[in-house]
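1. Pasting the sequence and the predicted model now:
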Amino acid sequence: MLTVMSISRRVVYDINSLIDKTVIIKLTNGKTYTGQLSSFEIDPFMVSISNAKDNENNVYYKAIINGSIISEILIKNAPIFDVKEFASLIEKSLNLRPGDIKVYEEAGVITVLEKIKVTENGVEGSGPLAQRIYDLFNEYVEKKKRETSR
């Protein structure tokens, strides 16, 4: 059974996953803004987008929008990096035990043997294992890009 708190956390997680992504924000007055989500506040709800363009082709360096007039927040492209999927790929490809890999889904982070960190931005760490994970990451991202371009 879902509680109001768990639903609220999910919404925060979903919005947080959109940071630095291009979003379309539709307002209740019919206006639309497209830009890169740079930040948000939950209480009171507000969003900030960079390089914003409205539906009249006006361009703004930054737009801070009151959440009470937002009707929808849309994202066109699905994220390429899925932490659970990539953690499973690491485990299978490198023959690691499930306990060797920790997934922090809300943060979008995977740690391997508590020494190597993987996010959508790449791999942090050094040594032969980090290099193998880096190679897997590059193959994974390229495959996902090919799949989404079809």
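-> Cool, the structure landed.

2. ok, now which ones touch the spatially most central residue of the chain?
-> Taking C-alpha atoms, centre = their mean as the criterion, S17 is the residue nearest the geometric centre of the chain, at 3.4 Å. Taking C-beta atoms under 8 Å, 6 or more residues apart in numbering, we find S17 in contact with P79, G108. Yep, even glycine has a C-beta here, placed from its N, CA and C like the rest.

3. quick one: it from E106, how far?
-> 9 Å (C-beta to C-beta, to the nearest Å).

4. what about the closest residue to V103 other than its chain neighbours, how many neighbours?
-> Spatially, and ignoring its direct neighbours in sequence, V103 is nearest to A87 (4.8 Å; C-beta to C-beta, 6 or more residues apart in numbering). By other C-beta atoms under 10 Å, the residues close to A87 number 20.

5. so what's A87 up against?
-> Applying C-beta under 8 Å, 6+ apart, one finds that A87 lies in contact with I101, V103, I110.

6. Report the residue spans of this structure with pLDDT below the cut-off.
-> Low-confidence segments of the chain, defined by pLDDT under 70: 1-7, 149-150.

7. Can you show me the helices along it?
-> Ranges of helices in the chain, per DSSP state H, are 4-16, 83-94, 128-148.

8. Just tell me which of the ones you listed ends up closest to A52.
-> Proximity to A52 (C-beta to C-beta) singles out helix 4-16 among the helices of the chain, at 16.7 Å.

9. Spit out the contact partners of Y60.
-> Contacts of Y60 (C-beta under 8 Å, 6+ apart): G35, N51, A52, K53, D54.

10. actually V109, sorry about that
-> V109 makes contacts with V83, V103, K117, V118, T119, as judged by C-beta under 8 Å, 6+ apart.

11. Bridge partners for it, pull those for me.
-> As for beta bridges, V109 partners with Y104 under DSSP bridges.
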